[in-house]
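Participant: sequence and predicted model, in that order:
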Amino acid sequence: MEALIAKQTKTIAIIGNPNVGKSSIFNQLTGLKQKVGNYPGITVDKTVGALKNKEKQFHILDLPGTYSLYPKSEDELIAHRVLSGKADAKPDYILMVLDACNLERSFLLASQVMDLGIPVALVVNMKDLAEKKGIKVNTFKLFRETGAPIILTDARKNDGMDQIKSMIFEEKFAAPKTFLNLDGLLPQDLSGKIKSRFSLETDYQAFQYLVFAGYDLTAPAADKVWLTRQLVEFDCDIRSLQIAETNARNKEIELLLEKVVSKDPLPQRNLTQKLDNFLMHPVMGYFFFLALMLLIFQAIFAWAEVPMDLIDEGFAMVGSWIAETLPSGAFTDLIAEGIIPGIGGVVIFIPQIALLFGFLAFLEDTGYMSRVVYLMDRVMRPFGLHGKSVVPLISGMACAIPGIMASRSISNSKERLITILVTPWMSCSARLPVYIILIGLTVPDDLVWGMNLQAIVLLAMYLLSIGATLGGAFLLKLFLKTNEQSYLLTDLPVYRMPRWKAVLLTMFHKSKVFVLEAGKVILSISIVLWILASYGPSNLMDAVEQEKETALAQADEAESGEIEEIYASKELEASYIGILGKSIEPVIRPLGYDWKIGIALITSFAAREVFVGTIATIYSVGGDPENDLTIREKLAREVDPETGEKVFNKATAFSLMVFYAFAMQCMSTLAIVYRETKTWKWPVLQTIFMTGFAYLAAFITYQIFSS
Amino acid sequence: MTLDQLKIGQFAELDKILDSPLTLNFLEIGLSPGKKIQIIQKAPFKGPVAVLLENQTIAIRLQEAKLLKVKI
Ligand SMILES: Nc1nc2c(ncn2[C@@H]2O[C@H](COP(=O)(O)OP(=O)(O)O)[C@@H](O)[C@H]2O)c(=O)[nH]1
Ligand SMILES: [Mg+2]
């Protein structure tokens, strides 16, 4: 029964140029919240959603945009693979989204899709903008000319969505007339041969087989050889065939649009162009970009401080409240000493992460991001990067994972690989907790030249990471080889008012994901850590316990508190985690770290943000959970039992920050790099290089600041 | 002359696409012969240029602009 129903569910693929509103329509149809933004290249993966009423259910596929059936980059490849049935089964229907303001370009892809023979419906979106520009589309004529159902929509205002839905439920998709007759292009005999060999229906399908025989056809090798032999036999050159096809289509489209579109001549100088005169200005444009970056930085560090302090104190209070209220015992200790501080260490960064993602969503939604690509292309080129690398790098300041995904829109494979490899060096939000805590401990809160000294150090860490990212890219450029040409050819979309609700939603959603994902890791690591820190090999633990008993028996009331504390730390040393930390201490001593920091380093290889939680757990175990010190206060009190010096002095803290800036400490990033490069070679090399470099740099930093 | 030689604000008509591996990319994004074209910004140090077509703005590098023949 289950299988039967599954078979009846038909799949509808949403296809169209980049930035025409595909994801907006997908969201309206499925109720999902796919990311929408005014930048070609926001959607880089396919997403499935469901649309159902009482009788029927459909799967809807949202896909990255493409200008034609011939993909030029990884993201465009996805639409091609879906349409040709290489990913899964071919979709049953196609919802072809067109931009009413640029029907000419939209129709090139639409006409190709129509010739594939899959039933299609045409959605002409952005009707509000077209109306403003005086563009009128005669839908009835268009329907008569193409044979495909036409729906006019404004996806931003939810206008026309009901028509799309009822069209889908009534399954009014139609196999349209052949748009372009291939007679003059593709020899009829050849087409006939291919059609019969692969049992295809249309000439254009046969043409697709020929085009993709060279690089992306899932067919037995014998078939591919056969296809290439046919090309030679009929003396066909694929590239000139494709160009001839595109030219022929453009001509047909021009004729068609003359019949169905009317335009009022309107004054052209609109708002977008006035804005561009300033935002893309060769001097002012760059100042504006710099000022914007500084504003974002300022916001993250100044505005976020108030809510962060509140959260920090809140968690300290909850921890001590639990310790007082619950019956004392191992379970209470786990919660009060391990889990609460661990979660608190993540939650505290919500304000900053939300702000960072909010700014990014804002930049993408207004259309400014494409201008950044234009402005930065010349700057990035000497480093072996592309203007489009800026988007992954800026996203990398929030999190490397979406950043690496965004690199799919870079068509040159060398530039894309370099972007993927260096993005983890951008200072992501998970490093912030580490920096903030360490700076707070060791840098005085003074004013220097009217600027806060702590903010200056933090800015320096960011500049260091940007410098290292570009330097790393430059090095990679020298080693990696390619013979692909690099080019820039990108659309600069019109500016739009950001949808504030969507920006807020992104902020909320990203924060939620961050807390949940990090929360899961931290929760499990806290529990494991706490167990490892509370128990140890019984012979060692017993010995410490015995010693403590005798010491306590001899001491008077006043001394007993102090003795408790000394032995708490000795017990930690005798625990499993203590033994582990002690065993790696020789390796990290030169960087200025003790074995407790060593434990935090080990756990941080899962994810950087675990640092604060780990440190909190380790320093809480054995301490007195009933005094509600914040994490910062606990760390500030920590002294080396042998030398009596503060553990978190300037040299150690700076060395740690440098280590966290450069080391590869994020499993999820490694997994994504593997997925995007399709080999373990790169993530492994990346880990070795980044961590080795981090060790060296931290060593040098420690030597400089400790002398 | 080719597109890169155009002054900012000067109108021209796209005449011909010189042969290169990018021909298809140009045609697909909407840079097809016969269209009115104008440069609206040039980035410094021989950076990319922003060109205005009838109803869209596109950024391309000088190297690509050299492949587009225009007539005034
Ligand atoms: N004015 C207007 N804007 C729209 C319309 N549909 C989508 N947009 C905006 O166009 C941009 C691109 O939308 P998106 O759904 O991400 O396009 P996709 O790249 O095709 O998935 C976003 O800024 C949307 O808010 C529409 O009908 N009218
Ligand atoms: Mg999209």
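Facilitator: Cool, got the structure. Ligands and ions are numbered 1, 2, ... in the order given.

Participant: for chain B, what spans make up the strands?
Facilitator: B:11-17, B:36-42, B:49-52, B:57-60, B:68-71 (DSSP state E).

Participant: who touches the last one?
Facilitator: By C-beta atoms under 8 Å, 6 or more residues apart in numbering or on different chains, the residues outside strand B:68-71 that reach it are B:1-3, B:6, B:12-18, B:26, B:31, B:37. C-betas here are computed from N, CA, C, even on glycine.

Participant: ligand 2: which of the strands of chain B is closest?
Facilitator: strand B:57-60 (19.5 Å; C-beta to the ion).

Participant: sheet-wise, list the partners of that closest one with their directions.
Facilitator: Strand pairing for strand B:57-60, using DSSP bridges, gives strand A:489-492 (antiparallel), strand B:49-52 (antiparallel).

Participant: turn those strands into TSV, including distance to residue A:398.
Facilitator: Shown next, in TSV, are those (distance: least, C-beta to C-beta, whole Å):
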stretch	distance to residue A:398
strand A:489-492	22
strand B:49-52	28
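
Participant: can you add mean pLDDT, distance to residue A:36 and mean neighbour count and give the ones you listed back as JSON lines?
Facilitator: Converted to JSON lines, those look like this (pLDDT from 0 to 100; distance: least, C-beta to C-beta, whole Å; neighbours: other C-beta atoms under 10 Å in any protein chain shown):
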{"stretch": "strand A:489-492", "mean pLDDT": "93", "distance to residue A:36": "16", "mean neighbour count": "22"}
{"stretch": "strand B:49-52", "mean pLDDT": "94", "distance to residue A:36": "24", "mean neighbour count": "22"}
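
Participant: give me the buried positions along stretch A:665-685.
Facilitator: For stretch A:665-685, a neighbour-count test (16 or more other C-beta atoms under 10 Å in any protein chain shown) marks A:665, A:666, A:669, A:670, A:672, A:673, A:676, A:677, A:682, A:683 as buried.

Participant: next to ligand 2, which bits of chain A? Give me the list.
Facilitator: A:22, A:23, A:43 (C-beta under 5 Å from the ion).

Participant: how about the residues of chain A near chain B?
Facilitator: Neighbours of chain B within chain A, by C-beta under 8 Å from any C-beta of the partner chain: A:67-68, A:70, A:72, A:101-102, A:104-105, A:108, A:133, A:239, A:242-243, A:246-247, A:250, A:272-273, A:276-277, A:280-283, A:370, A:373-375, A:377-378, A:387, A:485, A:487-492.

Participant: now the buried members of the residues you listed.
Facilitator: Buried, going by 16+ other C-beta under 10 Å: A:67-68, A:70, A:72, A:101-102, A:104-105, A:108, A:133, A:242-243, A:246-247, A:250, A:272-273, A:276, A:280-281, A:370, A:373-375, A:377-378, A:387, A:487-492, out of the residues of chain A next to chain B.

Participant: so which of the residues you listed belong to helices?
Facilitator: A:104-105, A:108, A:133, A:242-243, A:246-247, A:250, A:272-273, A:276, A:370, A:373-375, A:377-378 (DSSP state H).

Participant: list the contacts for residue A:206?
Facilitator: Contacts of residue A:206 by C-beta under 8 Å, 6+ apart are A:186, A:190, A:191, A:194, A:195, A:198, A:200.

Participant: can you select the buried ones among those for me in ChimeraX?
Facilitator: The following ChimeraX line selects those of the contacts of residue A:206 that are buried, judged by 16+ other C-beta under 10 Å:
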select /A:186,190,191,194,195,200
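
Participant: mind putting the contacts of residue A:206 in a markdown table, distance to ligand 1 included?
Facilitator: Below are those laid out as a markdown table (distance: C-beta to the nearest ligand atom, whole Å):
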| residue | distance to ligand 1 |
| --- | --- |
| A:186 | 31 |
| A:190 | 36 |
| A:191 | 33 |
| A:194 | 33 |
| A:195 | 33 |
| A:198 | 32 |
| A:200 | 29 |
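
Participant: how about the nearest residue to residue A:399, chain neighbours excluded?
Facilitator: residue A:428 (5.3 Å; C-beta to C-beta, 6 or more residues apart in numbering or on different chains).

Participant: for chain A, which segments count as strands?
Facilitator: So, for chain A - with DSSP E - the strands run A:10-16, A:47-52, A:57-62, A:93-99, A:120-125, A:135-137, A:150-152, A:261-263, A:447-448, A:451-452, A:489-492.
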